[in-house]
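> What shape does this take:
(one chain, ligands or ions: 2)
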Amino acid sequence: MELKKGLEDVAIKETSITFIDGELGRLYYRGYSVYDLASFSNFEEVAYLIWYGKLPTRKELEDFRKLMAEERKVPDHISSFVRQVSRNANPMDVLRTAVSMMGLEDSRDGDTIQKAIKITSKMPTIVAQIQRTRRGQDLVEPDPNLSHAENFLFMLHGEKPSSTDVRSMDVSLTLHVDHEMNASTFACLVVASTLSDIYSSVVAGISALKGPLHGGANSEALKQFLEIGSPDNVEKYVLSRLSSGQRLMGFGHRVYKTMDPRAKILREYAKQLSTEKGLGELFEIAQRVEEIGIKILGNRGIYPNVDFYSGLVFYALGFDPDVFPTIFASARVVGWTAHVDEYLKDNKLIRPKAIYVGDLGRRYVPIDER
Ligand SMILES: CC(=O)SCCNC(=O)CCNC(=O)[C@H](O)C(C)(C)COP(=O)(O)OP(=O)(O)OC[C@H]1O[C@@H](n2cnc3c(N)ncnc32)[C@H](O)[C@@H]1OP(=O)(O)O
Ligand SMILES: O=C([O-])CC(=O)C(=O)O
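Numbers count the residues shown, from 1 in each chain. Ligands and ions are numbered 1, 2, ... in the order given. Purely as a prediction, here's the structure:
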């Protein structure tokens, strides 16, 4: 039996959802390049595409938007829970528990995608509640007349966001929607393959995404830039970080051996937003880290990934670094649930093997003789 550490290069399913060309740095959702989707589409349209496999007609999109907008409100007891714990708790822990509470309400039977729409519509409401509670602010009710991205920012700030902010949020969510068999999606599938329920799968996805090697890297990358403090400190910081064996956060990827295309797109939004919001120096620091990081690590195929610039976008839009992974989760829930739906059409219990390297035939020694 061959040992495949980290399941590297092991395929666990066929998919028609997402294709990644890791050598050329290309990414396609349902066959459409993310460059085109980021330029011309929006979160709701891409979510529809991911779940149903085709772009919606105008009427289908209108109905779908309406359905999502109707599902945004979160039950009062979940909001109360979020209010009670969010001042001190990790935002991903709060989101994970809130989604788990949603599962208490919903029967286990029923269509995965219908439930996915409910969860996806509500997650930004919970994230905005977490963020506002951390700042001691009152909650803002969702506005059903706004798009998914616009409403997200409206619930965050309590006022209509600028068109640049809405576009940046929309593109960021669109780019986080899916990424083939990443660790959190795999975690969702492990749960789904036992024929558990979709809420349990999403809870597993949030749990796996939280870690700093995965979705937690967006806040770590931004904290790095804040810690560096000035573009003049970048070289010294990067060299000392790497020589002490620490990783550069927001760099490196299991599949991409070149720049992640999502990082390229998000770099432009980070640049525009940071210039507008007086965060130009932070962007300069990030760009310098990118340059020096690539100079040192690029020859080993280690380049910026999606988490490198997304944090700067989320920070400029007004989120705390610790909240960033919950925004990632609010978009990735689309991919998690689409992969679960696809997998269940031809389900096989996920049960890999471990190679035993311990002793055998040991004699049991009674406790008084040890
Ligand atoms: C949305 C996402 O999940 S994108 C990824 C977000 N995560 C991060 O940004 C955290 C930093 N990056 C990393 O830790 C890694 O690049 C991972 C975990 C993402 C992928 O790595 P893997 O494919 O599993 O490779 P692995 O962790 O085995 O690293 C291979 C080598 O590259 C080095 N390496 C990988 N990433 C980095 C990095 N960011 N900084 C410095 N060295 C790195 C490792 O130290 C290791 O070196 P070694 O062979 O000398 O021991
Ligand atoms: O694909 C991966 O391993 C990690 C990643 O970039 C993502 O989940 O977006």
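
> contacts, neighbours, all on C-alpha from now
Will do.

> near ligand 1, which residues of this protein?
Residues of the chain found near ligand 1 (Cα under 6 Å from any ligand atom) are 213-215, 217, 247-254, 305-307.

> By neighbour count, which of those wins?
Per-residue neighbour counts (other Cα atoms under 10 Å) across the residues of the chain next to ligand 1 peak at residue 250, which has 30 neighbours.

> give the contact list for residue 323.
91-92, 127, 131, 219 (Cα atoms under 8 Å, 6 or more residues apart in numbering).

> Please apply the same query to residue 89.
If you count contacts by Cα under 8 Å, 6+ apart, residue 89 has none.

> and the residue of the stretch 101-250 of the chain found nearest ligand 2, how many residues sit next to it?
In the stretch 101-250 of the chain, the residue that lies nearest ligand 2 is residue 182 (3.9 Å; Cα to the nearest ligand atom). Under the neighbour criterion other Cα under 10 Å, residue 182 is assigned a count of 15.

> now the most centrally placed residue in the chain: how far from residue 92?
Centroid-nearest residue in the chain: residue 328, 2.8 Å away (criterion: Cα atoms, centre = their mean). Counting by Cα to Cα, to the nearest Å, the gap from residue 328 to residue 92 is 10 Å.

> any common contacting residues for the two?
Applying Cα under 8 Å, 6+ apart, one finds that no residue jointly contacts residue 328 and residue 92.

> Contacts for stretch 348-363, please.
With Cα under 8 Å, 6+ apart, stretch 348-363 has contacts from 1, 3, 189-190, 193-194.

> Which of these has the largest number of neighbours?
Among the contacts of stretch 348-363, the one with the most neighbours (other Cα under 10 Å) is residue 189, at 31 neighbours.

> Nearest residue to that one in space, please, no chain neighbours.
residue 340 (5.8 Å; Cα to Cα, 6 or more residues apart in numbering).

> is it true that the one you found lies in a strand?
No: Residue 340 is assigned helix when assessed by DSSP: H, G, I helix; E, B strand; the rest coil, not a strand.

> if I look at the residue in the stretch 251-370 of the chain that ligand 2 sits nearest to, how far off is residue 34?
Closest to ligand 2 within the stretch 251-370 of the chain is residue 254: 5.7 Å, counting by Cα to the nearest ligand atom. According to Cα to Cα, residue 254 and residue 34 sit 19 Å apart.

> Could you pull up phi and psi at the residue of the stretch 101-250 of the chain closest to ligand 2?
Main-chain dihedrals, residue 182, degrees, to the nearest 10: phi -70, psi 170.

> From residue 354, how far off is whichever residue of the stretch 1-150 of the chain sits closest to ligand 1?
Closest to ligand 1 within the stretch 1-150 of the chain is residue 6: 7.1 Å, counting by Cα to the nearest ligand atom. Going from residue 6 to residue 354 by Cα to Cα gives 12 Å.

> do the same with residue 39
Using Cα to Cα, we find residue 39 at a distance of 45 Å from residue 354.

> Near ligand 2, which residues of the stretch 101-250 of the chain are found?
Proximity of the stretch 101-250 of the chain to ligand 2, by Cα under 6 Å from any ligand atom, involves residues 179, 182.

> Sketch out the low-pLDDT regions of the stretch 101-250 of the chain for me.
For the stretch 101-250 of the chain, the stretches flagged by pLDDT under 70 are 107.

> residues from the stretch 251-370 of the chain in reach of ligand 2?
Within the stretch 251-370 of the chain, the positions near ligand 2 by Cα under 6 Å from any ligand atom are residue 254.

> for the stretch 251-370 of the chain, what spans make up the helices?
Here the stretch 251-370 of the chain has its helices, by DSSP state H, counting those that start in this stretch, at 261-276, 280-297, 306-316, 324-344.

> and the closest residue to residue 183 other than its chain neighbours, what does it touch?
Spatial nearest neighbour of residue 183, excluding adjacent residues (Cα to Cα, 6+ apart): residue 208 at 6.6 Å. By Cα under 8 Å, 6+ apart, residue 208 lies in contact with 183-184, 187, 214.

> any idea which element residue 208 lies in?
Residue 208 belongs to helix 198-209 when assigned by DSSP states H and E.

> from the chain's centre, how far out does that helix sit?
Centroid displacement of helix 198-209 relative to its chain, using Cα atoms, centre = their mean, to the nearest Å, is 12 Å.

> What residues of the helix or strand following that helix count as buried?
For helix 198-209, the succeeding helix or strand toward the C-terminus, using DSSP H and E, is helix 217-228. Residues of helix 217-228 classed as buried: 217-225, 228 (neighbour count, 16 or more other Cα atoms under 10 Å).

> how about the strands in this structure?
All strands of the chain, identified by DSSP state E, fall at 18-21, 26-29, 32-33.

> For residue 338, which non-adjacent residue is closest in space?
Closest to residue 338 by Cα to Cα, 6+ apart is residue 51, at 5.3 Å.

> My read is that that neighbour contacts residue 336, right?
No: if you go by Cα atoms under 8 Å, residue 51 and residue 336 don't touch, sitting 10.1 Å apart.

> Including mean pLDDT, could the helices of the stretch 251-370 of the chain go into CSV?
Listed next are these as CSV, based on pLDDT from 0 to 100:
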stretch, mean pLDDT
helix 261-276, 98
helix 280-297, 98
helix 306-316, 98
helix 324-344, 98
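
> Ranking those by mean neighbour count, which comes first?
The highest average neighbour count among the helices of the stretch 251-370 of the chain, using mean count of other Cα atoms under 10 Å, belongs to helix 306-316 at a mean of 27.

> mind saving the C-alpha coords of it as PDB?
This file holds the C-alpha atoms of helix 306-316, laid out as PDB (Å, rounded to 0.1, in the frame of the first residue of the first chain):
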ATOM      1  CA  VAL A 306      -5.900  34.000  -2.800                       C
ATOM      2  CA  ASP A 307      -5.400  34.900   0.900                       C
ATOM      3  CA  PHE A 308      -2.500  37.300   0.100                       C
ATOM      4  CA  TYR A 309      -4.500  40.200  -1.100                       C
ATOM      5  CA  SER A 310      -8.100  39.300  -0.100                       C
ATOM      6  CA  GLY A 311      -7.300  40.400   3.500                       C
ATOM      7  CA  LEU A 312      -6.300  43.800   2.300                       C
ATOM      8  CA  VAL A 313      -9.600  44.100   0.400                       C
ATOM      9  CA  PHE A 314     -11.600  43.000   3.400                       C
ATOM     10  CA  TYR A 315      -9.700  45.300   5.800                       C
ATOM     11  CA  ALA A 316     -10.300  48.300   3.400                       C
END
